[in-house]
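Engineer: fold the following for me, if possible:
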Amino acid sequence: MRQWTPGENRGQWLESKEGLGRIQHFTLGSRFNNIKRWNPDLTAKRVRDPPMNRLTLAPFFLLLAILQAPAQDLKDYLRIRRSYGIVESVGVPALETLVGTRVFEVQGVIKGTLRVGNKLSVLLERTDGESQQIDAAKIPDWAIGTEVSARLIVRATRIDENSELHATLIAVAQEEDVRPVEEALMAANAKVAKTRHRASAKLHTSSPKQFTVSAKAPTRRWFVPSDQATPYYAVFIQKHNPRLSYSEAYRIATGVIGFSKRYGVDAQLIVAMVICESDFNPREVSNKGAMGLGQLMPETVQDYGITNPFDSIQNLYGTVREIRSHIDKYRGETGDEYQSLVLGLAAYNAGEGAVRRHGGVPPYRETQAYVRKVINLYYHLLGYR
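Structural biologist: Have a look, this model is predicted:
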């Protein structure tokens with residue numbers, strides 16, 4: 001079992017929602033591309049995707065001129081990034097733990113390149129120090145013959161947990177070129193977010209536990225970097241469990257954000273799950289033996305090498321890894337983002353065996369209520385009214 005560490009916060013993108021003073025967060029690949037309306041019978045109807053009104057990528061191109069970034073290569077990279085709807089990069093572990101097929105922007109280190117006949121590959125450093133081979137049609141000169149930090153847009157496929165990962169490079173840019181553009185945009189958006197948050201917080205007093213779901217578009221959003229957003233998460237968490245000290249709430253917020261980014265899961269989904277599982281009580285124990293924030297069962301604790309399930313960081317590590325594994329499994333089986341979410345949550349609650357035996361969400365009152373509650377709260381955190 002690879003040693004876990006809290007996920008990287010660097011470059012994290014988060015969204016804040018007007019009125020409730022809470023943070024919204026999207027992580028690459030975990031925003032469900034075909035958002036559908038929730039039905040009581042646990043089926044899905046397609047509805048039009050929610051618009052992503054972001055102060056979005058258009059300012060990138062203005063910032064390119066301002067920052068005098070390398071012109072054509074970076075512009076092409078950002079155009080491709082935008083065409084795939086990518087909001088942020090993920091860590092290499094998101095690639096290493098993938099089951100199914102996804103397109104990622106991976107932040108990592110290119111260790112070198114490889115040519116076998118006419119076949120080209122870049123070698124991306126893995127967390128174990130080895131290299132992951134990524135097939136490429138062409139490789140820029142700056143990536144040849146040296147180690148370099150980079151962003152790679154990659155289409156990756158792994159059939160199951162025991163299969164080899166196959167990855168193809170779509171686009172690549174140097175980290176030192178992308179980083180200034182992102183930081184400038186994030187700083188501008190963070191300033192706007194802070195001003196609007198202060199103004200709107202005076203006008204709204206909605207309770208975070210009162211929520212409904214509708215097909216209305218989400219409220220207006222903006223992005224702020226994680227080092228500024230983590231305190232907002234901490235305040236939100238402490239409101240759900242006032243018995244937590246602020247330092248522990250902040251530690252939980254760091255784990256939610258860090259592991260969500262590291263493993264390519266939406267942090268808002270993790271928040272919704274933890275509220276439904278334990279309401280952010282790290283000491284929670286169920287009558288079935290589930291433990292901690294994400295109510296991990298003893299076998300899950302053992303699978304992920306967790307030594308203390310009541311430690312917030314260790315528990316969140318297992319929670320994020322477990323739901324990511326379930327969602328990947330059912331995405332591969334159904335090819336549908338929404339159904340993979342529904343079935344993934346059902347498996348998290350009742351086990352994959354129950355989902356398999358019943359051919360879908362089991363007819364257990366607890367499981368059906370859990371899936372509905374998490375998805376309703378998740379939609380609420382996404383800004384639906």
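Engineer: pLDDT weak spots in the stretch 201-350 of the chain?
Structural biologist: 201-228 (pLDDT under 70).
Engineer: ranges for the helices of it?
Structural biologist: For the stretch 201-350 of the chain, the helices defined by DSSP state H, counting those that start in this stretch occupy 226-240, 246-263, 267-278, 298-303, 312-334, 337-350.
Engineer: compare those and give me the one nearest V122.
Structural biologist: For V122, the closest of the helices of the stretch 201-350 of the chain is helix 246-263, at 21.2 Å, according to CB to CB. Where you see a C-beta, it was placed from the backbone N, CA and C, and this is true even at glycine.
Engineer: so which of the helices of the stretch 201-350 of the chain comes closest to R158?
Structural biologist: Nearest to R158, of those and by CB to CB, is helix 312-334 at 8.5 Å.
Engineer: check which residues of the closest one are buried.
Structural biologist: For helix 312-334, burial by neighbour count (16 or more other CB atoms under 10 Å) applies to 312-332.
Engineer: check which helix or strand V122 maps to.
Structural biologist: Element membership for V122, per DSSP states H and E: strand 119-125.
Engineer: and that strand, what's buried?
Structural biologist: 120-125.
Engineer: export those to CSV and tack on pLDDT and distance to A350?
Structural biologist: Formatted as CSV, the buried residues of strand 119-125 follow (pLDDT from 0 to 100; distance: CB to CB, whole Å):
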residue, pLDDT, distance to A350
L120, 91, 46
S121, 92, 42
V122, 92, 41
L123, 93, 41
L124, 93, 37
E125, 91, 38
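Engineer: now, which of these sits nearest R79?
Structural biologist: Using CB to CB, these come closest to R79 at V122, 20.5 Å.
Engineer: beta partners of the closest one?
Structural biologist: On the basis of DSSP bridges, V122 is bridged to T113, I134.
Engineer: just confirm it contacts K138, I think it does.
Structural biologist: No. Contact criterion CB atoms under 8 Å: V122 and K138 do not qualify, at 10.5 Å.
Engineer: returning to that earlier point: report all helices and strands that the strand holding V122 contacts.
Structural biologist: Secondary-structure packing of strand 119-125 (3 or more CB pairs under 8 Å, 6 or more residues apart in numbering; DSSP states H and E): helix 92-96, strand 100-116, strand 131-136.
Engineer: in TSV: those, plus mean pLDDT and mean neighbour count.
Structural biologist: Listed next are the helices and strands packed on strand 119-125 as TSV, based on pLDDT from 0 to 100; neighbours: other CB atoms under 10 Å:
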stretch	mean pLDDT	mean neighbour count
helix 92-96	82	22
strand 100-116	88	18
strand 131-136	92	20
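Engineer: include distance to E248 when you put these into JSON lines, please.
Structural biologist: What follows is those, written out as JSON lines (distance: least, CB to CB, whole Å):
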{"stretch": "helix 92-96", "distance to E248": "25"}
{"stretch": "strand 100-116", "distance to E248": "29"}
{"stretch": "strand 131-136", "distance to E248": "36"}
